[in-house]
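Below are the sequence and a predicted model for it; my questions follow.
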Amino acid sequence: MSTKPRRDDEHGIVIARARAHNLKDVCLTIPKGVITVFTGVSGSGKSSVVFDTIAVESQRQLNETFPAFVRNRLPKYEKPEADGIHHRRAGAACVSVLLGSIWRQRLPVSQRTSMPLPDSLKPGDVLLTRGTGWISRAICLLDGSEVSHASLALDRDTLAEAVGEGLRTVSFEQAMDEHDLAVGRTLTRAPADMAPVLDVARGYLARGTSYAHQQIVLLAVLCVTRRAPMPLGGRRMVRTVLDQAAAAVNTMAERGRQPMICSEFVHRCHREAHPQPPYALSIGDDGQSDGPTLLQWARAHPALPALAPGLAGTFDPAGAESALAPLVAAYTAAVGKTDALPAVLRPPALTDPSDEELLSSMVTFGNALHRARHPQVPDGGLPPEQALGQISAVEAQPDFVTPGDLLRTASLTEKFRGAAAAKAPGKPAGIPLPGR
């Protein structure tokens, strides 16, 4: 390879004040037309320069060369933490470094750290965590559980999980970000070889952008299929959840992704490894009390046949958290799960939507699920009864498994339990959980 740079490459790739991870305002020039090797001890910043700075900017610039229609269906990349990166042509090949796992190389380094899993967990084990957000706490409440998210251990450093961006790998430290409880579980009748489970997981990761998970979708299904009390304000919470979930599913469909619940991903990896024990997980009764669900109530409602679906707005995860915070807090207090919620989160007066408004939101959510599964079907909307059937179909699927199901199943045995460090003073506490 020629070592003489071209005229437009005389200054090489110039990086000004890079700050990703442990980089401290690093400035450097990388020559073009030659092979450059980054070496150093672990934690010295090699990957932060190559992946989190150069590679991310290269991919971001490459995406900007496509039409808007294509860009909307590509992964989104933020600008790297640097004052500037100059003389970097979009799409130019980037040096890669071996980090020990090809699956980890497929992701930006911002999704990886070197913090290993707890010693008691091994590849193929399940990690269940509890988020500190209001949507996470509502999932715990309606699922009768103390966990809201599930992931699968791939190796000593890496977990696989389904999130809003799709399927990805993260470290244990990143999995615990904004989570305050972790429970590790392993197969009760552990086989000698977990490779079949891991192979299925890696196969899903290879086509990770085909699926995505938003907690609000799981919460919406729980709201209408669980036998939960509905005090004043409960239906207001449920309708808000349904409207936000419909927007989330529509956003997935626009990006060419299908909903996959985080715990569904874990369950599929075990079941598709082998449909029988010891790999397959046995999911039993969720322990619900007697009584009709909202979905059963809706199907028997006389106003259902004449309803038209509403319009789902744009989904914003932060906006969904803000909208649901006072409603979840008020619902939690109303059902007697806590008596110490901040007063600012309890509206002085709550009103419920009409039957027709709640039914319309349920139909809208059902239609969104239908569009996500059948994007080729013209967007005319299903009849109301068929739209509700789409929600029933989700719950009826053998892989509809909640994080609470994975916590309760006898197919898994607890190996690890730990709480995150105490939150900084002044940060609102999460909803206390049943029996906690």
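Happy to help now that I have it. Since we're looking at a predicted model, the values are computed, not measured. Numbers count the residues shown, from 1 in each chain.

From the chain's centroid, how far away is stretch 257-268?
10 Å (CA atoms, centre = their mean, to the nearest Å).

Give me the contact list for it.
With contacts defined as CB atoms under 8 Å, 6 or more residues apart in numbering, stretch 257-268 is touched by 126, 149-152, 160-163, 166-167, 200-201, 204, 209-214, 217-218, 249, 252, 281, 283, 369, 372-373, 399-403, 405-406. Every residue, glycine included, has its C-beta placed from N, CA and C.

At which residues are the helices of the stretch 51-200 of the chain located?
Using DSSP state H, counting those that start in this stretch, the helices of the stretch 51-200 of the chain run over 56-64, 68-71, 102-105, 134-143, 172-175, 195-206.

hmm, back to that, filter the contacts of stretch 257-268 to the buried ones?
Buried members of those, scored by 16 or more other CB atoms under 10 Å, are 126, 149-152, 160-163, 166-167, 200-201, 204, 211-214, 217-218, 249, 252, 281, 283, 369, 372, 399-403, 405-406.

related to what we said a few turns ago, out of the contacts of stretch 257-268, which sit inside strands?
If you go by DSSP state E, the contacts of stretch 257-268 have 126, 149-152, 160-163, 166-167, 211-212 in strands.

Out of the helices of the stretch 51-200 of the chain, the one nearest Asp243 is which?
Set against Asp243 and scored by CB to CB, these come closest in helix 134-143, at 13.5 Å.

Which strands or helices does the closest one pack on?
Helix 134-143 is packed against strand 126-131, helix 215-225, helix 317-334, helix 403-408, with contacts defined by 3 or more CB pairs under 8 Å, 6 or more residues apart in numbering; DSSP states H and E.

now with 7 Å?
Judged by 3 or more CB pairs under 7 Å, 6 or more residues apart in numbering; DSSP states H and E, helix 134-143 is in contact with helix 215-225, helix 317-334.

Go ahead and flag the most central residue of this protein.
For the chain, the residue nearest the mean C-alpha position is Val163 (2.1 Å; CA atoms, centre = their mean).

how about Pro278, what does it touch?
Contact analysis of Pro278 by CB atoms under 7 Å, 6 or more residues apart in numbering lists 187, 189-191.

likewise Pro384?
Here Pro384 is in contact with 304-305, 307, 363 (criterion: CB under 7 Å, 6+ apart).

most neighbours, which of those residues?
Compared across these, Val363 has the highest neighbour count, 28 neighbours, by other CB atoms under 10 Å.

what's the pLDDT at it?
Confidence at Val363, expressed as pLDDT, is 94.

so when I look at it, I'm seeing a strand, right?
No: counting by DSSP: H, G, I helix; E, B strand; the rest coil, Val363 is not part of a strand but helix.

residues contacting it?
Counting by CB under 7 Å, 6+ apart, Val363 has contacts 307, 309, 384, 387-388.

how about those residues in TSV, adding pLDDT, distance to Ser411 and secondary structure?
Compiled in TSV, those are given as follows (pLDDT from 0 to 100; distance: CB to CB, whole Å; DSSP: H, G, I helix; E, B strand; the rest coil):
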residue	pLDDT	distance to Ser411	secondary structure
Leu307	84	41	coil
Pro309	72	39	coil
Pro384	93	38	helix
Ala387	93	34	helix
Leu388	95	31	helix
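
And the furthest pair within those?
Pro309 and Leu388 (10.9 Å).

returning to what we had before: any idea which of the helices of the stretch 51-200 of the chain is most buried?
Each of the helices of the stretch 51-200 of the chain was scored by mean neighbour count; the highest is helix 134-143, a mean of 24, by mean count of other CB atoms under 10 Å.

one step back: was I right to think the residue nearest to the centre of the chain contacts His213?
Yes: contact criterion CB atoms under 7 Å: Val163 and His213 qualify, at 5.7 Å.

and the biggest helix by length in the chain, what's its mean pLDDT?
Using DSSP state H, we find that the single longest helix of the chain is helix 234-254. When pLDDT is averaged along helix 234-254, the result is 93.

repeat for stretch 24-31
Stretch 24-31 comes out at a mean pLDDT of 88.

contacting residues around that stretch?
5, 11-19, 36.

buried stuff in that stretch?
Quick answer for stretch 24-31 (16+ other CB under 10 Å): 26, 30.

Show me how far that stretch is from its chain's centre.
Offset of stretch 24-31 from its chain centre (CA atoms, centre = their mean): 34 Å.

what's the answer for stretch 39-57, then?
From the chain centre to the centre of stretch 39-57 is a distance of 26 Å (CA atoms, centre = their mean).

Report the mean confidence score over it.
Mean predicted lDDT for stretch 39-57 stands at 77.

One more: stretch 413-432?
57.
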